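Asker: no sequence for this one, just the structure:
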């Protein structure tokens, strides 16, 4: 089992030694053309340099901890039309940076993914939203392809939600408009408000299903178990590749530190319960998440790799995970 973290890498002092630059659209548009070009080059080349530095840190860790979700701002503002045109000029010079990152990740068995944001909605009833969502997915696919991925089914994961008024029919229609490489990498996840596990299972003929166990609890007030019949269908959707689940818990102070919380007794809204904690503080929930031993786990928690590593130590202490395991994809 691999345990991953999302986007930001923290040192033991809880600071980011290799931060990504994420400039604003407003600032970018105030610059003249030459300065815009320099701005994009400096930001993107620094981000790619720092990504490799993060990978080098992961390579020093046990194989179980070599898993990361890369932030969407790798190429800042790429989908802004004024930036898209300029990126065409600098992308050839950025490809060596991408290649170095991809080669290093592959050589060191680092499992990678992207997670486009909440406005990437393939099932929207607004055609312009669908168009922009396809553009955003193709941007993430471009980054993955530039690192040498997108050649085989799920050699890289681009995960989105299926929420949207057109439901599965809209999702399918937009999915079929994606490039072949994007379709090889796309996965779909259940959410806590509109799209249940049963809803996303409709997509198994198109792409793998990412199970978010916290989203499921928030939506259904149910702690889904590994022996649930739906888990078998989710695993089958990965076609032999190790499946991924997302694990988070509600913020500290909202739920008990022990045992399975019950929404009926908490008296809190789903919008409050959906927010992520800093660390994994409830060992009952940790045992539950780690019991999905056929899955790799993306840890969605505010303290990122620091919280993930505490969960890993907990798993080792309780013999939930074998030390120095080398399970790959």
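Answerer: Alright, I've got the coordinates. Since this is a predicted model, take the numbers as computed values, not measurements. Residues are numbered from 1 along each chain as shown.
Asker: which stretches in the stretch 51-200 of the chain count as strands?
Answerer: 67-69, 111-114, 157-161, 186-189 (DSSP state E, counting those that start in this stretch).
Asker: to residue 75, which of these lies closest?
Answerer: Residue 75 sits nearest to strand 111-114 of all the strands of the stretch 51-200 of the chain, at 11.6 Å, using Cβ to Cβ. Where you see a C-beta, it was placed from the backbone N, CA and C, and this is true even at glycine.
Asker: my guess is residue 16 contacts residue 22. True?
Answerer: No: applying Cβ atoms under 8 Å as the test, residue 16 and residue 22 come out as separate, 11.9 Å apart.
Asker: circling back: please name whichever of the strands of the stretch 51-200 of the chain is nearest to residue 220.
Answerer: Nearest of these (Cβ to Cβ): strand 186-189, 14.8 Å.
Asker: now do the phi/psi pair for residue 260.
Answerer: phi -90, psi 120 (degrees, to the nearest 10).
Asker: what about it, distance to residue 271?
Answerer: As defined by Cβ to Cβ, to the nearest Å, residue 260 lies at a distance of 21 Å from residue 271.
Asker: likewise for residue 238?
Answerer: 31 Å.
Asker: again, but for residue 241
Answerer: For residue 241, the distance to residue 271 - Cβ to Cβ - is 34 Å.
Asker: also residue 281?
Answerer: From residue 281 to residue 271 the distance is 21 Å (Cβ to Cβ).
Asker: and residue 119, how many neighbours does it have?
Answerer: Residues within reach of residue 119, counting by other Cβ atoms under 10 Å, total 10.
Asker: surely it and residue 137 touch.
Answerer: No: contact criterion Cβ under 8 Å: residue 119 and residue 137 do not qualify, at 11.7 Å.
Asker: could you find the closest non-adjacent residue to the residue nearest the centre of the chain?
Answerer: Nearest to the geometric centre of the chain sits residue 115, at 4.1 Å (Cα atoms, centre = their mean). Spatial nearest neighbour of residue 115, chain neighbours left out: residue 159 (4.9 Å); criterion: Cβ to Cβ, 6 or more residues apart in numbering.
Asker: quick check: beta-bridge partners of that neighbour?
Answerer: residue 187 (DSSP bridges).
Asker: let me see the contact set for it.
Answerer: For residue 159, the contacting residues are 113, 114, 115, 116, 186, 187, 188, 189, 210, 244, by Cβ atoms under 8 Å, 6 or more residues apart in numbering.
Asker: select from those residues the one having the most neighbours.
Answerer: Most surrounded of those: other Cβ under 10 Å gives residue 188, at 28 neighbours.
Asker: give me the number of residues near residue 310?
Answerer: 17.
Asker: give me phi/psi at it?
Answerer: phi -70, psi -40.
Asker: residue ranges with poor pLDDT in the chain?
Answerer: 320-329 (pLDDT under 70).
Asker: coming back round to it: which of residue 241 and residue 271 has more residues huddled nearby?
Answerer: Under the neighbour definition other Cβ under 10 Å, residue 241 and residue 271 were set side by side, and residue 241 has more, 16 against 10.
Asker: the more buried one contacts residue 157, doesn't it?
Answerer: No: the pair residue 241 / residue 157 is not scored as a contact, 9.2 Å apart, by Cβ under 8 Å.
Asker: so how far is residue 315 from residue 308?
Answerer: 11 Å.
Asker: likewise residue 27?
Answerer: Per Cβ to Cβ, residue 27 is found 43 Å from residue 315.
Asker: same deal with residue 253?
Answerer: Distance from residue 253 to residue 315, by Cβ to Cβ: 24 Å.
Asker: helices along the chain, start to end?
Answerer: 25-29, 33-58, 81-107, 127-146, 167-175, 180-185, 197-200, 213-220, 229-237, 263-266, 270-273, 283-290, 304-317 (DSSP state H).
Asker: the first one - contacts with which helices or strands?
Answerer: Contacts defined by 3 or more Cβ pairs under 8 Å, 6 or more residues apart in numbering; DSSP states H and E place helix 25-29 against helix 33-58, helix 81-107.
Asker: for the fourth one, same thing?
Answerer: For helix 127-146, the helices and strands in contact under the criterion 3+ Cβ pairs under 8 Å, 6+ apart are helix 81-107, strand 111-114, strand 157-161, helix 167-175, helix 180-185.
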